[in-house]
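S.K.: I'll drop the sequence and a predicted model, then ask my questions.
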Amino acid sequence: MYSPQRKDFVSLTLGDQHSRSYTNGKHRRQSCWRKWKQLSRLQRSLILFLLAFLFICGILFYPSLTDFWIPSWRGAMIEAEQGTELQSTAHGKEGTVADDEEAAVDRVEVVQEAFRHAWKGYKAFAWGHDELKPISKTHGEWFGLGLTLIDALDTMWILGLKDEFAEARKWVETELSFSKNVDVNLFESTIRILGGLLSTYHLTGDTLFLDKAKDIGFRLMPAFKTPSKIPYSDVNIGKGTAHPPRWTTDSTVAEVTSIQLEFRELSRLTQDPQYQNAVEEVTRQVHRLEGKRDGLVPMFINTNSGKFTRRGAFTLGARADSYYEYLLKQWLQGGKKETELLEDYLQAIEGVKKNLLRQTSPSKLTFVGELSNGHLNPKMDHLVCFLPGTLALGAHNGLPADHMDLALQLMETCHQMYAQMETGLSPEIAHFNLQSNNGRDIDVKPADRHNLLRPETIESLFYMYRFTKDSKYRDWGWDILQSFNKYTRVPSGGYTSISNVRDPVYPSPRDKMESFFLGETLKYLFLLFSDDNELISLDKYVFNTEAHPLPIWPSTS
Ligand code: DMJ
């Protein structure tokens, strides 16, 4: 046993191990008192001083200690519960909202507060980097271009967060450089960076953002130098080279067909047709291609041959989703003149109805399944929840009324994907029962239980509320925001994606805040609760697939 050699210590012997078994409390109290009296005055003073010191520290640092010891997700829950209490008091009712008008004002403020909280984490631990890792209080890098900051610029402007916007603008002015030897994904950098810069330019009129948009747009152009003119997925924006992923020469159909709104707008602003020509060549080719099924497209296209590959699988989810969205939105952007875009969109929606729509048992929820070699798989990505909003936007612009009927049904299903989970948050993928033997409409596979703070359902709720004014859509959005605050909010700043939406006790934080949480999710929540219909009017703007509003072209363009 270690025996200290140094003599300048105070020896405290409060009892040996063998004397720990005692018979009663009185005996123990007497023995403690005897020991205490045996101590020297110096020893007693030291102990008292130590106890007093610990007591004061306990009082001073109590909140941070609980933060430290309670896991972040638990702390988040406690904080959210406290927040709810405060709001309940303000409304004078328990956990409910007094009236619609008051709710609208307060909800907008709660979204602003959520943004500030997310921004606080980004600023403290990830400033100028791509993504916040809120649990480990550090950052993640994807392209090394300040992705979250750029994605969030127009959100801050729309939410009226002037101080936050000013500091972000300063970073763009002084720190943002695209002259970097880095591979970026063409689609992701177009929708998040080019789209974010263009929309911020339009909202603010500040040419700093247009200059930066021109710079990144020009640097992305090497992607289109392929044998077929169908772009590669990756571009080195410093070297001016492009390439497909290492394992294939295929590109994803959604990726090559969802960059058109941004590049077309860049051409209009610069009066340089090269951007528009490049992306419209892709649209033309895809329009003519064989291998569609009633307007539905496969998920991959080859950059050498320009043909669809791995045919036979059809989905409105990952790898195909925004193809459909951009058909409608380009038609709107260009002033409803490009009829081939409209025809492709209308045909595709008929294709969805004919091939992919089913209803669940027992509740008859309508969903969009996936087709694989003629076999329907009754599963739907959360990504598909963009569709009710897009259908409603089409109906608002004169497309068939049954598009709106379908939008109403799908919106209910997307809502149920949240409402039926224990955390009130949707899984990444839902499996639907066609003949339920467990009484449930929705099942979730263990691998699909995550939630990445995605926006699609809230995006659709925003469109549905704008067009119907039915307050239930706001209430559904409010429920989702409360669940985000309860299960994904990290006390030190930021929100985290989670791995298990079915476990409210431990939803397994993943330690990542995606840039689209600030770029899209919070923006659509704010617009859903705002009473100002002219704030990004849907008759003047189209949102790109990353929620960056771009103007509908005036008829003279
Ligand atoms: C975003 O980057 C875009 O909305 C894209 O269209 C799909 N994926 C994410 C959000 O879920």
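M.R.: Looks like it came in fine. Residues are numbered from 1 along each chain as shown.
S.K.: going forward, measure contacts and count neighbours with C-alpha atoms only.
M.R.: Noted.
S.K.: quick check, residue 153 in contact with residue 168.
M.R.: Yes. Using CA atoms under 8 Å, residue 153 is in contact with residue 168, at 7.2 Å.
S.K.: more neighbours, those two?
M.R.: Ranked by neighbour count (other CA atoms under 10 Å), residue 153 and residue 168 place residue 153 first, with 25 against 19.
S.K.: after the helix or strand hosting that one comes which helix or strand?
M.R.: Take DSSP states H and E as the rule and residue 153 turns out to sit in helix 147-159. Later in the chain than helix 147-159, the nearest helix or strand by DSSP H and E is helix 162-174.
S.K.: can you point out the buried residues in that next one?
M.R.: With burial defined by 16 or more other CA atoms under 10 Å, the residues of helix 162-174 counted as buried are 164-165, 168-169, 171-172.
S.K.: what parts of this protein come near the ligand?
M.R.: 322, 454-455, 516, 545-546 (CA under 6 Å from any ligand atom).
S.K.: repeat that with 8 Å
M.R.: 188, 191-192, 318, 321-322, 383, 452-456, 516, 520, 545-547 (CA under 8 Å from any ligand atom).
S.K.: among those, which ones are in helices?
M.R.: Applying DSSP state H to the residues of the chain next to the ligand, the entries found in helices are 188, 321-322, 456, 516.
S.K.: contacts only, for residue 270.
M.R.: Going by CA atoms under 8 Å, 6 or more residues apart in numbering, residue 270 touches residue 214.
S.K.: could you measure from it over to the ligand?
M.R.: Distance, residue 270 to the ligand, by CA to the nearest ligand atom, to the nearest Å: 25 Å.
S.K.: got it, and residue 450?
M.R.: If you go by CA to the nearest ligand atom, the gap between residue 450 and the ligand works out to 13 Å.
S.K.: wait, that residue touches residue 427, no?
M.R.: Yes. Using CA under 8 Å, residue 450 is in contact with residue 427, at 5.3 Å.
S.K.: which ones are touching residue 287?
M.R.: Residue 287 neighbours (CA under 8 Å, 6+ apart): 340, 344.
S.K.: tell me which element it falls in.
M.R.: helix 274-288.
S.K.: for that helix, list the C-alpha coordinates in CSV.
M.R.: What follows is helix 274-288, C-alpha atoms only, in CSV (Å, rounded to 0.1, in the frame of the first residue of the first chain):
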residue,chain,number,x,y,z
GLN,A,274,-23.7,30.1,-70.7
TYR,A,275,-25.3,29.1,-67.4
GLN,A,276,-28.8,28.9,-68.7
ASN,A,277,-27.7,27.1,-71.9
ALA,A,278,-25.8,24.4,-69.8
VAL,A,279,-28.7,23.6,-67.6
GLU,A,280,-31.4,23.8,-70.2
GLU,A,281,-29.5,21.3,-72.4
VAL,A,282,-29.9,18.8,-69.5
THR,A,283,-33.6,19.5,-69.3
ARG,A,284,-34.0,19.0,-73.0
GLN,A,285,-32.2,15.7,-73.0
VAL,A,286,-34.1,14.4,-70.0
HIS,A,287,-37.4,15.5,-71.6
ARG,A,288,-36.6,13.3,-74.7
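S.K.: distance from the chain centre to it, please.
M.R.: Remark: helix 274-288 is offset 29 Å from the chain centroid, using CA atoms, centre = their mean, to the nearest Å.
S.K.: may I see the buried residues of that helix?
M.R.: Under 16+ other CA under 10 Å, the buried positions of helix 274-288 are 275-276, 278-280, 282-283, 286-287.
S.K.: and it, average pLDDT?
M.R.: Average pLDDT, helix 274-288: 98.
S.K.: and for stretch 527-544?
M.R.: 98.
S.K.: residue 503 touches residue 423, doesn't it?
M.R.: Yes. Between residue 503 and residue 423 there is a contact under CA under 8 Å: 6.7 Å.
S.K.: the two: which is more packed in?
M.R.: Neighbours per residue (other CA under 10 Å) separate residue 503 from residue 423, with residue 423 holding more: 23 against 14.
S.K.: need the contact list for that one.
M.R.: Residues counted as contacts of residue 423 (CA under 8 Å, 6+ apart) are 483, 487, 501-504.
S.K.: show me those that map onto helices.
M.R.: 483, 487.
S.K.: among the contacts of residue 423, name the buried ones.
M.R.: Those of these that meet the buried threshold are 483, 487, 501-502, 504, by 16+ other CA under 10 Å.
S.K.: and residue 431, which of the three is it?
M.R.: Per DSSP: H, G, I helix; E, B strand; the rest coil, the secondary structure class of residue 431 is strand.
S.K.: identify the residues contacting it.
M.R.: Neighbouring residues of residue 431 by CA under 8 Å, 6+ apart: 378-380, 442-445.
S.K.: any idea how far it is from the ligand?
M.R.: From residue 431 over to the ligand (counting by CA to the nearest ligand atom), the distance is 18 Å.
S.K.: how about residue 108?
M.R.: 22 Å.
S.K.: that residue - how many residues pack around it?
M.R.: For residue 108, the count of nearby residues is 19 (other CA under 10 Å).
S.K.: pLDDT at it, what is it?
M.R.: Residue 108 is assigned 98 on the pLDDT scale.
S.K.: in what helix or strand does it lie?
M.R.: If you go by DSSP H and E, residue 108 is part of helix 100-125.
S.K.: give the next helix or strand downstream of that helix.
M.R.: strand 131-133.
S.K.: now that next one: average pLDDT?
M.R.: 98.
S.K.: C-terminal to that strand, what's the next element?
M.R.: strand 138-140.
S.K.: what distance separates that following strand from the centre of its chain?
M.R.: Mean C-alpha position of strand 138-140 versus that of the full chain (CA atoms, centre = their mean) differs by 17 Å.
S.K.: check stretch 175-183 too.
M.R.: 24 Å.
S.K.: stretch 269-283 too?
M.R.: Distance of stretch 269-283 from its chain centroid, counting by CA atoms, centre = their mean, is 29 Å.
S.K.: thinking again about what came up before, got CSV for the contacts of residue 431, with secondary structure, pLDDT and neighbour count too?
M.R.: Putting the contacts of residue 431 into CSV (DSSP: H, G, I helix; E, B strand; the rest coil; pLDDT from 0 to 100; neighbours: other CA atoms under 10 Å) gives the following:
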residue, secondary structure, pLDDT, neighbour count
378, coil, 98, 20
379, strand, 98, 21
380, strand, 98, 22
442, strand, 98, 23
443, strand, 97, 19
444, coil, 98, 20
445, coil, 98, 11
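S.K.: return the member of those residues nearest to residue 181.
M.R.: Nearest to residue 181, judged by CA to CA, of the contacts of residue 431 is residue 380 at 38.0 Å.
S.K.: just the pLDDT for the closest residue to residue 227 other than its chain neighbours.
M.R.: Leaving aside its chain neighbours, residue 227 sits nearest to residue 304 (5.1 Å; criterion: CA to CA, 6 or more residues apart in numbering). Residue 304 is assigned 98 on the pLDDT scale.
S.K.: assign residue 304 to helix, strand or coil.
M.R.: Quick answer, by three-state DSSP: residue 304 is coil.
S.K.: isn't it right up against residue 224?
M.R.: No. Here residue 304 does not reach residue 224: they are 11.5 Å apart, not a contact under CA under 8 Å.
S.K.: which residues do the two both contact?
M.R.: Joint contacts of residue 304 and residue 224 (CA under 8 Å, 6+ apart) are residue 230.
S.K.: which of these two has more neighbours?
M.R.: When residue 304 and residue 224 are compared for neighbours, residue 224 comes out ahead with 24 against 15, by other CA under 10 Å.
S.K.: OK, contacts around the residue lying closest to that one once chain neighbours are set aside?
M.R.: Take residue 224 and drop its neighbours on the chain: the residue closest to it by CA to CA, 6+ apart is residue 231, 4.3 Å away. For residue 231, the contacting residues are 223-225, 251, 256, 303, by CA under 8 Å, 6+ apart.
S.K.: now residue 200
M.R.: 153-154, 157, 206, 209.
S.K.: surely it is within a helix?
M.R.: Yes. Under three-state DSSP, residue 200 sits within a helix.
S.K.: got a pLDDT number for it?
M.R.: 99.
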